[in-house]
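**Student:** Got a predicted model here, sequence first, then my questions.
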Amino acid sequence: MQTEQLIDMLARQSGPAPRAVVARRLWPAVLIGLLCSSALALGLLGPLPAADLVAPVTGFKLGYALLLAVVAGVLTARLARPIARLTLPRWLVVGVVGLVLWVGVVTLSLTPADARLDALFGETWLKCPWTLMALSLPALAGILFAVRGLAPTQPQQAGWASGLLAGSLGAMGYALHCPESSATFVAVWYTLGVILTAFIGRWLGPRVLRW
């Protein structure tokens, strides 16, 4: 068989990596990352009081982080395969973040003027995004390791998506400790912490995900 024929045959028979392979490698890393983030938050920072754990704002924090983790997980799984459609999961990520930011803006507009600064900054705005990012790093390491064993052809974008996913897991862990009670605070500072983690993933992607 001539070289040109072999290349043509391989090209015609090529396709995306099987979804089951991606899931078997990626989702254990996600679960372990979530457990690590939660354990670090509870062990090092301490849990919320029981009454605050069932408060609506805690549900908002966890719901935002979970929804973002789902769409970021889909994007990461797509980018871990050499041929995949990315438009929908990218827009889903933008949609989730945009929706939460919109909720934050509406909530702030309904807050009395003299309480708006407290709603926006709370008491922990300086440490929130950095702590969230730190809690996300074990998850990021595990997710990058999992993606590295697959077939990412866009390492920078795969690293960015991995960081979004890891940041979402870190946000879930941090929500178990975070004492803030404003949806506006969550929309701004949680999102910033996730984005910081995504930038770390973006920086690491070309360095650790190249074949």
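**Tutor:** All right, it came through fine.

**Student:** Spatially central residue for the chain, please.
**Tutor:** In the chain, the centroid-proximal residue (Cα atoms, centre = their mean) is residue 165; its distance is 2.5 Å.

**Student:** How about that one: what's its closest non-neighbour residue?
**Tutor:** Among residues not flanking residue 165 along the chain, residue 72 sits closest, at 4.1 Å (Cβ to Cβ, 6 or more residues apart in numbering). Where C-beta positions appear, they are placed from N, C-alpha and C, glycine not excepted.

**Student:** which parts of stretch 35-45 are buried?
**Tutor:** Across stretch 35-45, burial judged by 16 or more other Cβ atoms under 10 Å covers 36-38, 40-41.

**Student:** so how far is the strand or helix carrying the residue nearest to the centre of the chain off the chain centroid?
**Tutor:** Take DSSP states H and E as the rule and residue 165 turns out to sit in helix 155-175. Between the mean C-alpha location of helix 155-175 and the chain-wide mean there is a distance of 3 Å, by Cα atoms, centre = their mean, to the nearest Å.

**Student:** for stretch 130-137, same thing?
**Tutor:** When distances are taken as Cα atoms, centre = their mean, stretch 130-137 is centred 11 Å away from the chain's centroid.

**Student:** What of stretch 97-110?
**Tutor:** On Cα atoms, centre = their mean, the centre of stretch 97-110 falls 19 Å from that of its chain.

**Student:** Could you tell me the per-residue confidence at the residue nearest to the centre of the chain?
**Tutor:** pLDDT for residue 165: 98.

**Student:** Likewise for the one 10 residues further on?
**Tutor:** Residue 175 is assigned a predicted lDDT (pLDDT) of 98.

**Student:** What is the burial count for the nearest residue in space to it that is not next to it in sequence?
**Tutor:** Leaving aside its sequence neighbours, residue 175 sits nearest to residue 61 (Cβ to Cβ, 6+ apart; 3.8 Å). Using other Cβ atoms under 10 Å, residue 61 has 23 neighbouring residues.

**Student:** separation between residue 61 and residue 29?
**Tutor:** 23 Å (Cβ to Cβ, to the nearest Å).
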